[in-house]
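> Take a look and give me a structure for this.
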Amino acid sequence: MSTDELQTPEIDWNLTTWEGARREQMRRWGQLSLAEMILALEEMQEIAEKLSPTAHSPGTKVPKA
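Next comes the predicted model:
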């Protein structure tokens, strides 16, 4: 293995701040098509419902939006 193969890619330190991470998140979200955005939102909703404390309480009804 040569030393070129062992080197790691350069770190973009602008992405290591809260603002930089948010900018990168918005940039990536903006590259999605409408169908991909809708699918991502549906997946996030399913995860949120599964992680919700009310989802684990027997007899608790979750209000529909």
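
> Strands of this structure, start to end?
Ranges of strands within the chain: none, based on DSSP state E.

> Low-confidence ranges, it, go.
1-6, 55-65 (pLDDT under 70).

> now with 50?
Regions of the chain meeting the criterion pLDDT under 50 are absent.

> longest helix of it?
The longest helix of the chain (DSSP state H) is helix 34-51.

> The closest residue to Asp12 other than its chain neighbours: neighbouring residues, count only.
Spatial nearest neighbour of Asp12, excluding adjacent residues (Cβ to Cβ, 6 or more residues apart in numbering): Gly20 at 7.9 Å. C-betas here are computed from N, CA, C, even on glycine. By the criterion of other Cβ atoms under 10 Å, Gly20 has 13 neighbours.

> Run a quick check on Gly20 versus Asn14, I expect a contact.
Yes: with contact defined as Cβ atoms under 8 Å, Gly20 counts as touching Asn14 (4.4 Å).

> For stretch 40-55, buried residues please.
Residues of stretch 40-55 include none that count as buried (16 or more other Cβ atoms under 10 Å).

> any idea how far Glu43 is from Glu49?
11 Å (Cβ to Cβ, to the nearest Å).

> May I have the phi/psi pair for Leu32?
When read as degrees, to the nearest 10, the backbone of Leu32 gives phi -80, psi 150.

> quick one: contacts for it?
Ala40 (Cβ atoms under 8 Å, 6 or more residues apart in numbering).

> do that again at 10 Å, thanks
Contacts of Leu32 were listed using Cβ atoms under 10 Å, 6 or more residues apart in numbering, and they are 38-40.
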